[in-house]
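Participant: show me how the following folds:
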Amino acid sequence: MAKTMMEIRARLYVLAKDLNCAELKQLADATKRRFFGRVAPTRQAKITYDMVVEVRAAYKLYPKISQRALAARFKIDQGRVNEILHGYRDGTPFRLDRVTPKKRTR
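Facilitator: Numbering: from 1, shown residues only. Modelled structure (predicted):
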């Protein structure tokens, strides 16, 4: 007995072929997941080297400004501002080793 959706779909395709039944094939097709693409368009700008320099300069000029305010000014997420200020983002293509936290020394 079929248990997963993939097994059920495969069995429906076999039955549709054996019985020459278009309706069973349509039912098998209906069990597939549909991909509609990205749900929402991206809202933030690409992080470039120039943007990194500008964010860091703005933070040095106004050290009491919040990360949220900086993020709104540059139209990026607050998390990206945090990564820029802590050196995890430098405007080059994203790499996982740049996001790993720095080791603490005691």
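Participant: following the helix or strand Val53 falls within, which helix or strand shows up next?
Facilitator: Element membership for Val53 (DSSP states H and E) is helix 49-61. Elements were assigned by DSSP H and E; along the chain past helix 49-61, the next helix or strand is helix 67-74.
Participant: now that following helix: how far from the chain's centre is it?
Facilitator: 21 Å (Cα atoms, centre = their mean, to the nearest Å).
Participant: kindly report the same for stretch 26-45.
Facilitator: 14 Å.
Participant: which residues belonging to whichever strand or helix holds Val81 are considered buried?
Facilitator: Taking DSSP H and E as the definition, Val81 sits inside helix 78-85. Of the residues in helix 78-85, 80-81, 83-84 count as buried by neighbour count, 16 or more other Cβ atoms under 10 Å. Where C-beta positions appear, they are placed from N, C-alpha and C, glycine not excepted.
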